[in-house]
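In: no FASTA, just this:
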């Protein structure tokens, strides 16, 4: 207790000090007493604590004069931490000197709290858009869509419970009505609205913002309510309180009273009651003047004037006692404060009465005086003439004689000179002086106080004063100290803004049951809201209205142990948080100093809530949030959103910078962020790319602001990951582009038609197809747009013409539109309006699917022109059909021809054996004829199947036709005119002449059959040059030089359908049995075999023209060594080996050759032939062999025999050509071949021809 | 009045940041100086937030503090200087009543 020690050095503790000490030490406010020069006289522990960093011992420190009127805030710098202190100063007297009491209240934590709250609120607002306000979102009908904690708190509801409820139902009716008006106003105007309303003393600032939905309608309202009730400033803490003056005067022998400026008694002591006979209560209702006797009114008034002017006055006066008797007193009064006077009264009634006797016994009393402890002096003309020993002691002299002759004023303190002079004057006038306290100066300079009175006497005619004094120095010092202490105590007891009370414990049966309040200060009344009158003297339980006085246990402990306590607690009776400091002034008592910390507590709670809100928003946000230090960019904090989006681990990020982590894809984005923050303090929606931990690029929208965290400027960044959105956008754009490309480039007609089948959308290919612009087609019906032939019937097109009911396209589209059915790949015929160079009948593949377009149900129609494909497919089918027929024919032909050979051979043999006029001969001729027809049929089958074995030669077609005219005329009959128009300078062609005959015969028969009755058939030839353009239109055509052979008739002609099937085998328009259906197929087969092509032009009723194009032969023209004779069969000699597995062929052929004169060796199998050849000793001139035999074919057999018979010639015979002797059915030149069935003439001529000729070149 | 007409006064006012109290103190001392020391004083306002080291020289415990550096002896006055009477007495421009 350094300070109290320091104080005791100067002053002994006096009455009241203990309480001052207790309160001062307990006070949380710093208390400083500073003198006029600014030097510290006193400091309590709290004050020392405030300055501890600055000065060890404050007492004696030059602190400085305090110059404040109102309480003012000052700051205490030191140790880098600025403390905020509220300073109140009041004047007081300290050890007799003017001084200033400074009450210092540390409000640093409050200021810091306020600052922290302000910053925290700022940050939270930045994040949560005004979370400190009541904020909620409602729809126009008032249904709550979202709400914050503050709103819930104000309405007194749970947040969750408010959602979906009608906001008006949560408000008092009149408030609800007003709010409803506002909401309607905002919905109507679409403008924000600001309104204030006051309710229950709270002023709310309301902002209503419209939220617009699609279509610009107000779909919701954001409402913010801000409590702007000004915190009521604390009323002036300090009130003038009536100084309760406590005085030692209770014990004074003198009557002591305190009066105010009007002379009213304020306080009296018991002595005054005794003197006046009135009780203290009576006196305080009276005025001094009421007591003054009529004869003393004049002096009393003078006394009072003097008192108010100088502050000091003393008078002797007559007064009226309570019992009506007259008494005399001396009154000495002095001013002790503004409007307060202290008076000392001495009853001198008895003394006055005894005055005379006293004079008479002067001498008697002289001795008494000498021995009196009272100082007695005689004073004449300002000089002492007598002093008793007590006076000498009082005055500081050794013997009384030293005083005699001294000027009295030299012994009086200068400030009392004037008083003493006036008293001396009164003595000179013969009047006495009342008791007065005089300050005397001793020779050693020490001042002593004397309670002094003087009486005027005349000694020797000279007015003389007898002065009686009493040393009252100790009393005066005590009195002085008491006043100071009292004033000091009151000064802070009443000025303390902290509440304070003094209590004593009340015991009952030795147990503490309650406490009694002894005193309270104004701050107590203010904080507790309890009037002093109610509190003082009452029990704690009564005052606070509780069954047990609050904190009794703790307070009892302090009162009993003396150990001070400090605690914060919520004081239930008044609903405030208080900070209590309890100490013990004396056993069984306790003094409490407390102050209201409700605001601080609330600020703490609000700060905690605000920080919790920030923390929650920070941690739960799906967006990436990070806080970086502004100075070096280090990550201080990141949320889960950051880790999730960027793929980092927390420890990899905290303490690093974005540059280290390489987070910015483009460093210029980071520069943009920094520039924005520097210029505006915030950045909004900065689009940037960021690299995640895995290196993947993420697209983000970043908003950032500068905030302060733990005193450091930081950047708070919030980034929204829009990668998925971007990717989706890109994918959508790509998809769009893909569809667009398909739509633009697909070789498909694509169009969208509405319910009326009008074109709403159509692609470029359709425009190309219809040869008109897309714009032109929009709005037309599909058929008209695409120039459907039937649209000509009715310009409205599609569905209005007579053909439309059967139109597959229209019906399909209708089904899709009406029933929503999807159709795929429907084959449809389409007939286009005639246009140059285009086939008008088209095959389309139609797909039709329902779709919603422009908000309506429509159909997407796609059409693929497959006309060409269909043609090609038909051709392919045709070829395949021919191929299969050919295979069949080939397989049958071999055996069938062998059989025909047998029939024909035996028939010939029969005819030779019978007489020419034999009746059976005619029948045999018929058999032969039928066999020959059968052979023709077989040959034709092979021909159209291109399996016919032919021996093409270079020939002039004109010669061939001319040679057959006779035969042809016979064929077509006489009614039909046959014209022959040979082309001039015809190019050669390479062709089997037999095939030319087949072509001409078949076409002429066909022409004949088309003509009923009289008609005309024209055969013509011409050279034709086929160009590429022609080929493009005729898929079968081959470019180059061709010789054309055309056969035209003026018959019935053919329709399209017949035309399409004209070359199909077995297709015939003739009646059953009239035609084989193989004629034209044979023609087609021959032409194809010779690399030519056929064109047919015909229309019903217009006749038909078959044009056959044969390629021009470009090679050597080999001579034609034909000597067709019809003479008798040539015979010959030589050895012929015949190899044939078919018995009938072998037998008949061997007989024919033998009849011709040749020697014949017959063999059934190749093996037998080899054996026979080896056994035969002579020459074999000719080998006639079947081609197809079991075990070995004819060709291989010939090859085996050749070495032994180098001059042997060979003739192959077959009903069907295998590749053994011919390539693709065409014989090499020089290879001899005879196709079965053959006649005796055929074989005779052939054998003769071979044996006559030179050996074949190039054989083996 | 204890000042002599030729004396030059040097005053220094310590503050810590331009708080409302500091602004009030500056305004008060300026008006007092203009009224009583016109033309013969210099007033130096020291902000301890900017120059913390300067506090030590004059042993400043609290701010605002007004220091009379000249004429000697050194005098200190604490507060917002709103109590003109106290300021005048503290500066020795007027004796106590």
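Out: On my side now, so go ahead. It should be emphasised that the depicted structure is a prediction, and the values quoted were computed from it without experimental measurement. Numbering: from 1, shown residues only, chains lettered A, B, ... in the order given.
In: For the nearest residue to residue A:663 once chain neighbours are set aside, give the beta-bridge partners.
Out: What sits nearest to residue A:663 in space, not counting adjacent residues and going by C-beta to C-beta, 6 or more residues apart in numbering or on different chains, is residue A:690, at 5.4 Å. Quick note: C-beta positions are derived from backbone N, CA and C, even for glycine. Beta-bridge pairing of residue A:690 under DSSP bridges involves residue A:664, residue A:698.
In: got a pLDDT number for residue A:690?
Out: On pLDDT, residue A:690 comes in at 89.
In: residues contacting it?
Out: For residue A:690, the contacting residues are A:646, A:663-665, A:697-700, A:719, by C-beta atoms under 8 Å, 6 or more residues apart in numbering or on different chains.
In: what about residue B:13, distance to chain A?
Out: 12 Å (C-beta to the nearest C-beta, to the nearest Å).
In: Which strand residues bridge that residue?
Out: Residue B:13 has these beta-bridge partners by DSSP bridges: residue B:45, residue B:66.
In: list the contacts for it?
Out: The contact partners of residue B:13, by C-beta under 8 Å, 6+ apart, come to B:25-26, B:29, B:43-46, B:64-67.
In: swap the cut-off to 6 Å and go again
Out: Residues in contact with residue B:13 (C-beta atoms under 6 Å, 6 or more residues apart in numbering or on different chains) are B:29, B:45, B:66.
In: Then residue A:292?
Out: Taking C-beta under 6 Å, 6+ apart, one finds A:300, A:319 in contact with residue A:292.
In: ok, back up a step: between the contacts of residue B:13, which has the most around it?
Out: Ranked by neighbour count (other C-beta atoms under 10 Å in any protein chain shown), the contacts of residue B:13 have residue B:66 at the top, with 29 neighbours.
In: check which helix or strand covers residue A:390.
Out: Assigning secondary structure by DSSP states H and E places residue A:390 in helix A:389-395.
In: repeat for residue A:897
Out: Here residue A:897 sits within helix A:867-913, counting by DSSP H and E.
In: same check, this time on residue A:524
Out: helix A:522-528.
In: Give me the average confidence score over that helix.
Out: The model assigns helix A:522-528 a mean pLDDT of 85.
In: helices or strands up against it?
Out: strand A:499-508 (3 or more C-beta pairs under 6 Å, 6 or more residues apart in numbering or on different chains; DSSP states H and E).
In: quick revisit: so what touches the helix holding residue A:390?
Out: By C-beta under 6 Å, 6+ apart, the residues outside helix A:389-395 that reach it are A:372-375, A:377, A:399-400, A:411, A:469, A:471.
In: and if we set it to 7 Å?
Out: Outside helix A:389-395, the residues that touch it by C-beta atoms under 7 Å, 6 or more residues apart in numbering or on different chains are A:370, A:372-377, A:398-400, A:402-403, A:411, A:440, A:442, A:448, A:450, A:469, A:471.
In: Next: stretch A:843-852.
Out: A:809, A:812-813, A:816, A:820, A:822-830, A:857-867, A:870.
In: ok, now with 6 Å
Out: The contact list for stretch A:843-852 (C-beta under 6 Å, 6+ apart) reads A:809, A:812-813, A:816, A:820, A:822-826, A:828, A:830, A:858-864, A:866-867, A:870.
In: ok, back up a step: among the contacts of helix A:389-395, name the ones in strands.
Out: Judged by DSSP state E, strands contain the following of these: A:375-377, A:440, A:448, A:450, A:469, A:471.
In: Output these in JSON lines; the columns should cover distance to chain B.
Out: Converted to JSON lines, these look like this (distance: C-beta to the nearest C-beta, whole Å):
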{"residue": "A:375", "distance to chain B": "35"}
{"residue": "A:376", "distance to chain B": "40"}
{"residue": "A:377", "distance to chain B": "36"}
{"residue": "A:440", "distance to chain B": "26"}
{"residue": "A:448", "distance to chain B": "27"}
{"residue": "A:450", "distance to chain B": "29"}
{"residue": "A:469", "distance to chain B": "32"}
{"residue": "A:471", "distance to chain B": "32"}
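In: Tell me where chain B has helices.
Out: Assigned helices in chain B, in chain order: B:20-36, B:54-57, B:84-90 (criterion: DSSP state H).
In: who wins for proximity to chain A among those?
Out: helix B:84-90 (3.5 Å; C-beta to the nearest C-beta).
In: Would you mind listing the buried residues in that closest one?
Out: By neighbour count on 16 or more other C-beta atoms under 10 Å in any protein chain shown, the buried set for helix B:84-90 is B:84, B:86-90.
In: which secondary structure elements does that helix contact?
Out: When contacts are defined as 3+ C-beta pairs under 6 Å, 6+ apart, helix B:84-90 sits against strand B:75-78.
In: ok, the strand it packs on: who's next to it in the sheet?
Out: Here, using DSSP bridges, strand B:75-78 pairs with strand A:65-66 (parallel), strand B:65-70 (antiparallel).
In: which one of those strands has the lowest average pLDDT?
Out: strand A:65-66 (a mean of 82).
In: Return the residues in contact with the closest residue in space to residue B:24 that isn't next to it in sequence.
Out: Leaving out its chain neighbours, the residue that sits closest to residue B:24 by C-beta to C-beta, 6+ apart is residue B:80, at 4.5 Å. Counting by C-beta under 6 Å, 6+ apart, residue B:80 makes contact with A:68, A:72, B:21, B:24-25.
In: what's residue A:633 sitting at in phi/psi?
Out: Per-residue torsions, residue A:633: phi 80, psi 10 (degrees, to the nearest 10).
In: ok, it - contacts?
Out: Contacts for residue A:633 (C-beta under 6 Å, 6+ apart) come out as residue A:657.
In: and it, how far is that from chain B?
Out: Distance of residue A:633 to chain B, computed by C-beta to the nearest C-beta: 27 Å.
In: just the strands in the stretch 1-150 of chain A please.
Out: Secondary structure of the stretch 1-150 of chain A (DSSP state E, counting those that start in this stretch): strands at A:30-35, A:40-43, A:65-66, A:72-76, A:83-94, A:97-106, A:134-138, A:144-147.
In: now for those, which one comes closest to residue A:551?
Out: strand A:97-106 (23.5 Å; C-beta to C-beta).
In: So the spatially closest residue to residue A:565 that is not a sequence neighbour: helix, strand or coil?
Out: Nearest in space to residue A:565, with sequence neighbours left out and distances taken as C-beta to C-beta, 6+ apart, is residue A:582 at 4.8 Å. Following DSSP: H, G, I helix; E, B strand; the rest coil, we place residue A:582 in the strand state.
In: can I assume residue A:582 is in contact with residue A:590?
Out: Yes. Between residue A:582 and residue A:590 there is a contact at 5.4 Å, judged by C-beta atoms under 6 Å.
In: Are there residues contacting both of these two? Which ones?
Out: Common contact partners of residue A:582 and residue A:590 (C-beta under 6 Å, 6+ apart): residue A:558.
In: and the strands of the stretch 1-150 of chain A as CSV, adding mean neighbour count and distance to residue A:885?
Out: Shown next, in CSV, are the strands of the stretch 1-150 of chain A (neighbours: other C-beta atoms under 10 Å in any protein chain shown; distance: least, C-beta to C-beta, whole Å):
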stretch, mean neighbour count, distance to residue A:885
strand A:30-35, 24, 129
strand A:40-43, 24, 135
strand A:65-66, 26, 135
strand A:72-76, 23, 121
strand A:83-94, 19, 118
strand A:97-106, 21, 121
strand A:134-138, 21, 86
strand A:144-147, 20, 83
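In: Tell me which of those strands sits nearest to residue A:1013.
Out: strand A:144-147 (98.1 Å).
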